[in-house]
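Student: Fold the following for me, if possible:
(2 chains)
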Amino acid sequence: MSTRKKVLWGVGSALIIVYCLFPIAWIVSVSLKAPSDLSNESFLPSEVTWQNYELILTGGASDLFLPALRNSFGICLIATAISCLLAMFAAYAIARLDFPGKKLILSTALAVAIFPVISIVTPLFNLWRNIGLYDTWPGLIIPYLSLTLPISIWTMSAFFREIPWEMEQAAQVDGATTWQAFRRVIVPLAAPGVFTTAIIAFFIAWNDFIYGISLTSTEAARPVPAALGLFTGASQFEEPTGAISAAAVIVTIPVVVLVLLFQRRIVAGLTNGAVKG
Amino acid sequence: MASIDMKNIVKKYGDGFPAVNDVSLDIADGEFMILVGPSGCGKSTLLRMIVGLEDITSGDMVIGGKRVNDLAPRDRNLSMVFQNYALYPHMTVYENIAFPLRLSKTPDDEVRRRVTEASDVLELKEHLERKPANLSGGQRQRVAMGRAIVRQAEAFLFDEPLSNLDAKLRGQMRTEISRLQRRLGITTVYVTHDQTEAMTLGDRVCVLRKGKIQQVASPRELYEQPVNLFVAGFIGSPPMNFLPATPEGNRLKTPFGDVELDEKRAEAVAGHDLLLVGIRPEYFEDASLVDEAKRPLGSVFRARVDVTEWLGDSQYAYIPYEAPESIQSQMRELSKELDSEELRTQAIVSIDATSRIREGREAEFWLDSRKVHVFDPESGDNLTRDAEAGAELTRLASQDRVEQLEESQGRAGTSQQTGGATAASA
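Tutor: Residues are numbered from 1 along each chain as shown, chains lettered A, B, ... in the order given. I've put the predicted structure just below:
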């Protein structure tokens, strides 16, 4: 590559990075501003202050934020785990077995995935109240499964299809039961796919707002995105912008950490679907 | 170790098409059986039915005296080498070979002993800690074999194991497989479409066509006493030439002059108007190079040579001839079935490498008429097959096999006592 080309690439990349990261930088900057400093008409705070973080972690908003953080983590992790496990079996069946209604399952999954969430929230709210699931963890985990399962089944069945049939047949001839062949040969080979799916599923659950705000009422099950909406300022004349920004930064951290941790796995998963024997 | 008996095996797919049709085959304990045929003849399906990866529509599959039709692959205790090896990419070579033992919950030190033993035989010792992705084709092939021999299986099954290797490696692995089979003395079924492998490896070869057995015999019998046009055309490279012929008393009129038949064969072909004479390329010779003593045993004819191919140790000449329309369409169909693309009717003739016959010229050829076969073009049957001579060839081959087995196993036994160093190189 010539120097000219290198410079062009560098400038181009920098532009895109700035464009992508600018909103995040803005949130970080706002979270470091004091309430009186919010409208200082400059990007950077005139004085860096941690009072927003103090407010949500130890101060007045902490009894709203901390339980919500705990709820979000618990509910999203459980929903992800269940949906990955179920999707793994479903995808395996779809990729390997020949049964009537295979197409139907896939298209139903797709239909569920594109079904507008807002239209089922009201009936679900009524139903949940009647059967006692309202404002509980299972009450959110179940709808989250409906969000995460379809996409998990689709991505994972693509991964399973790439694994050569012979692998499994070889394992069977070597003396493995179907379950042993699945667990010791297919699952390790599909690991990148499982990781990718898990992360996508986690993000979907983590980012949900509509179910979170509609199906909960107390800190028993309210997730972070819903809690953020309920933040109030110190007085009714004050916007809680700083506190919300601080919470948003904290909520972003686990996502960033997850992606960095599994970066290589995800990239391998996204690009290396073709697991060649 | 066990014998494998198949009785009237049928495999029908969903659309009712019989991929394997009424196959009965007995494979003796310790025998090396080759299943060969053009693509789509059902040879791989048959192998997969033996190992249990394919359901059997009807018939009995008996391994070691036990009917296994309804047993899962893992309960049949067979080991198989797949065409693409099917190694587990996430495991090291060691774990790949050890996998069958791990599944049967073999104790660790026993696993180590057996894997080391297998890797010694296959010279994989220095690769045990590597992953299959980092191995060459030949090494992967050996790992697949290691996984097969590491456990005491009833039989080995090979599904075109050498077709992914280059020509040189294929030759080496072929002798390797042969040596290994003799040494272990284990029943082996080997599927291939390569006739060099079929001829060199097999104690007996089973030729399949459209799911039906054509002939099961030793390679020599297949070559010298084929039962029909299909087997005659399939076995041998370059293939047998088929010339149209009309009988006239004891003689057959062919495009290459008259061929004289002895009385027994003349009797067998009597009563047909049109026949096909099957002549192997090596039954021809440049007439000027034939011994005076041999000359009267055949006939001499003149023909124009289209192309010659000189290969150093041998030479081939291509001689075009005219054939009636009915024969031509028959030959086209046959060559299509044999996966070859024969566009013109021409005879391939093997002549001595020193012959000065040149392209585009007329030349004089000599044809050894003693070994020609005569086929009925309608049914494809070989009218002049000598069943007794054929059976004798196969009997001799099986005698050889017993001797070889005894010898190689005896040798392996003694060398193990003297340190085992020669076992791998033997």
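Student: Could you use CA atoms for every contact and neighbour count after this?
Tutor: Will do.
Student: so how many other residues sit close to the closest residue to chain B within chain A?
Tutor: Taking Cα to the nearest Cα, chain B has its nearest neighbour within chain A at residue A:175, 4.0 Å off. Neighbours of residue A:175 under the rule other Cα atoms under 10 Å in any protein chain shown: 25.
Student: which SS class is the spatially closest residue to it that is not a sequence neighbour?
Tutor: Nearest non-adjacent residue to residue A:175, counting by Cα to Cα, 6 or more residues apart in numbering or on different chains: residue B:74, 4.0 Å away. When classified by DSSP: H, G, I helix; E, B strand; the rest coil, residue B:74 comes out as helix.
Student: Do you know the pLDDT at residue B:74?
Tutor: Residue B:74 is assigned a predicted lDDT (pLDDT) of 90.
Student: Contact partners for residue B:155?
Tutor: B:1-2, B:77-79, B:186-189 (Cα atoms under 8 Å, 6 or more residues apart in numbering or on different chains).
Student: So which of these sit within strands?
Tutor: The strands, defined by DSSP state E, take in B:79, B:187-189 from these.
Student: and the residue of the stretch 101-250 of chain B found nearest chain A, what does it touch?
Tutor: At 6.3 Å from chain A, residue B:103 is the closest residue in the stretch 101-250 of chain B, using Cα to the nearest Cα. Residues near residue B:103 by Cα under 8 Å, 6+ apart: A:174-176.
Student: one more time with 10 Å, if that's ok
Tutor: By Cα atoms under 10 Å, 6 or more residues apart in numbering or on different chains, the contact list for residue B:103 reads A:171, A:174-177, A:180-181, A:184.
Student: May I ask which of these has the most neighbours?
Tutor: Top of the contacts of residue B:103 by neighbour count (other Cα under 10 Å): residue A:174, with 29 neighbours.
Student: Using just helix, strand and coil, how would you label the residue of chain A closest to chain B?
Tutor: coil.
Student: Would you map out the domains in chain B?
Tutor: Chain B breaks down by automatic domain parsing into domains covering B:4-222+B:397-425, B:238-383.
Student: Of those domains, which stretch is the most buried?
Tutor: domain B:4-222+B:397-425 (a mean of 19; mean count of other Cα atoms under 10 Å in any protein chain shown).
Student: What distance do you get for residue A:28 to residue A:244?
Tutor: For residue A:28, the distance to residue A:244 (Cα to Cα, to the nearest Å) stands at 11 Å.
Student: Which neighbours do these two have in common?
Tutor: Both residue A:28 and residue A:244 are contacted by residue A:250, under the criterion Cα under 10 Å, 6+ apart.
Student: More neighbours: these two, which one.
Tutor: Neighbour count, other Cα under 10 Å: between residue A:28 and residue A:244, residue A:244 has more, with 26 against 18.
Student: Quick one, grab the pLDDT at the residue of the stretch 101-250 of chain B closest to chain A.
Tutor: Residue B:103 is given a pLDDT of 91.
Student: One more: residue B:419?
Tutor: So, for residue B:419, pLDDT stands at 39.
Student: what does chain B have sitting close to chain A?
Tutor: In this structure, chain B approaches chain A at residues B:51-53, B:72-91, B:98-104, B:132-133, B:144, B:147-148, B:151, B:153, judged by Cα under 10 Å from any Cα of the partner chain.
Student: Just the ones in strands from those, please.
Tutor: B:79-81.
Student: can you redo the residues you listed as CSV with pLDDT?
Tutor: Below are these laid out as CSV (pLDDT from 0 to 100):
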residue, pLDDT
B:79, 92
B:80, 93
B:81, 92
